[in-house]
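J.: Could you work out the structure for the sequence below:
(one chain, ligands or ions: 1)
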Amino acid sequence: MEYRNLGSSGTKVSVIGLGTNNFGRRLNTSETKKVIDTALDEGINFLDTSNSYGDTLSEEYIGNAIKNKRSDIILATKVYSKIGDRPNDMGAGKIHIIREVENSLKRLQTDYIDLYQIHFWDNSTPIEETLRTLNYLIDSGKVRYIGCSNFTSWQLSMSQEIAKSLNMEKFITVQPEYSLLNRDIEKELIPACEYYNVGILPYFPLASGVLTGKYKRGENMPEGTRLSENKERADEILTSETYSILERLEIFAKARNKSLLDLAFAWLLANPLVSSVIAGATKQEQVVSNARTHKWKLSKIEVNEVNEILGN
Ligand SMILES: NC(=O)c1ccc[n+]([C@@H]2O[C@H](COP(=O)([O-])OP(=O)(O)OC[C@H]3O[C@@H](n4cnc5c(N)ncnc54)[C@H](OP(=O)(O)O)[C@@H]3O)[C@@H](O)[C@H]2O)c1
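T.: Purely as a prediction, here's the structure:
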């Protein structure tokens, strides 16, 4: 495995991380443990979860799986999502964050979170309040670093400027959707990350499994796969245009004795700002294949060729 700094921090994370939104939803506690144990055996040390995944069960199952290995793992979780019906059961306000961090710590069976991320921008809370609360959590030792997710470039930039002006800890990472099939962040967010030296943690890096090459034009979707169980998402993403791109990407990869899966990871990792690619997995063999993709380093010329296939 190869390791990179987690954003602007001095902490090293595996370039292939493990996403965990299947845990508690499609995987039970023993299946979760098997996937995590395999990931650790492959050198993966970075796990990304949220207080909301699997209706809180993702954190709970992770807590059970890692309790004797906590110090080997860099653990990221998130706060913001609605977790109850009371007025302060969601958002990035002080009351909610302080209550939820305690709940996450309990479920994860740990006394610290390595990376605590604000899952979504909260329009109804001043960002100063959120930043002050996160800084208090760092000072109290419950959180090591802070990050954000689904922020636009102006939201990230403003957060960094306010943190700087108040002499507070800044976000070290941002977690946006990013993959060969969704490059929306390249125009605004990536330049902001470059300017502020903020690491990128791409989510949906495999476009929900489409970039593994297991969905083929004109063929039935393999049983038990994510898209076979989510027709709406399948219709949205598995269009004729998507298949044409996938077929061309596959030819590009095959010409280099690689797979589409290898390319999906290698292309993201060609950007040094990408700290870790947090692909989800439902089976141990998926984690093994994903972990081994990091060996392919794309040259600048190859990245340009791929971007041409994608339509620049
Ligand atoms: N911040 C946010 O708002 C946000 C939003 C979404 C996700 N996330 C995070 O990002 C992580 C990654 O996203 P994701 O897991 O939803 O999507 P993804 O990484 O694009 O796709 C993961 C899915 O692809 C399939 N897969 C993975 N490796 C495979 C392999 N080697 N061979 C065949 N199939 C394979 C599995 O699905 P099947 O086996 O079921 O087909 C797996 O569940 C999440 O787990 C979560 O931690 C964050």
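
J.: From here on, just use CA atoms for contacts and neighbour counts.
T.: OK.

J.: Check the residue of the stretch 1-150 of the chain found nearest the ligand and give its pLDDT.
T.: Per CA to the nearest ligand atom, Gly19 is where the stretch 1-150 of the chain lies closest to the ligand, at 3.1 Å. For Gly19, the model assigns a pLDDT of 98.

J.: count of neighbours near the nearest residue to it once chain neighbours are set aside?
T.: Counting by CA to CA, 6 or more residues apart in numbering, Gly280 is the residue found nearest to Gly19 once chain neighbours are left out, at 4.1 Å. Neighbours of Gly280 under the rule other CA atoms under 10 Å: 25.

J.: List the residues that contact Arg57.
T.: Quick fix: residue 57 reads Leu, not Arg. By CA atoms under 8 Å, 6 or more residues apart in numbering, the residues touching Leu57 are Phe23, Gly24, Arg25.

J.: Also Val303?
T.: Val303 makes contacts with Trp267, Ala270, as judged by CA under 8 Å, 6+ apart.

J.: On the three-state scheme, it is what?
T.: Recorded secondary structure, Val303: helix (DSSP: H, G, I helix; E, B strand; the rest coil).

J.: Check the one 5 residues further on too.
T.: At Glu308 the chain is in helix, as set by three-state DSSP.

J.: can you pull the contacts of it?
T.: Glu308 touches nothing, counting by CA under 8 Å, 6+ apart.

J.: And the pLDDT for it?
T.: Confidence score, pLDDT, at Glu308: 96.

J.: likewise Lys297?
T.: Confidence score, pLDDT, at Lys297: 94.

J.: Not counting sequence-adjacent ones, nearest residue to it?
T.: Per CA to CA, 6+ apart, closest to Lys297 is Ala266, 6.1 Å.

J.: residues in the stretch 51-200 of the chain within reach of the ligand, list them.
T.: Applying CA under 6 Å from any ligand atom, we find that the stretch 51-200 of the chain lies next to the ligand at His119, Ser149, Gln175.

J.: what's the closest of these to Ala291?
T.: Ranked by distance to Ala291 (CA to CA), these are led by Gln175 at 19.7 Å.

J.: Show me where the stretch 51-200 of the chain has its helices.
T.: Assigned by DSSP state H, counting those that start in this stretch, the stretch 51-200 of the chain shows helices spanning 57-66, 94-108, 127-139, 153-165, 189-196.

J.: Please identify the most buried of those.
T.: helix 57-66 (a mean of 22; mean count of other CA atoms under 10 Å).

J.: before we move on, back to that, between the contacts of Leu57, identify the one with the most neighbours.
T.: Top of the contacts of Leu57 by neighbour number is Phe23, holding 28 neighbours under the definition other CA under 10 Å.

J.: Cys148 versus Thr20, what's the distance?
T.: Thr20 sits 17 Å away from Cys148, going by CA to CA, to the nearest Å.

J.: actually Arg25, not the one I wrote
T.: 24 Å.

J.: and what of Arg292?
T.: Counting by CA to CA - Arg292 and Cys148 are separated by 28 Å.

J.: likewise Asn290?
T.: Distance of Asn290 to Cys148, computed by CA to CA: 25 Å.

J.: Please read off the pLDDT at His294 from the model.
T.: Looking at His294, the pLDDT reads 79.

J.: OK, contacts around it?
T.: For His294, the contact set (CA under 8 Å, 6+ apart) comprises Met1, Glu2, Val15, Ile16, Asp262, Phe265, Ala266.

J.: if we can go back for a sec, looking at Arg292 and Cys148 now, which is surrounded by more residues?
T.: Higher neighbour count among Arg292 and Cys148: Cys148, with 26 against 15, using other CA under 10 Å.
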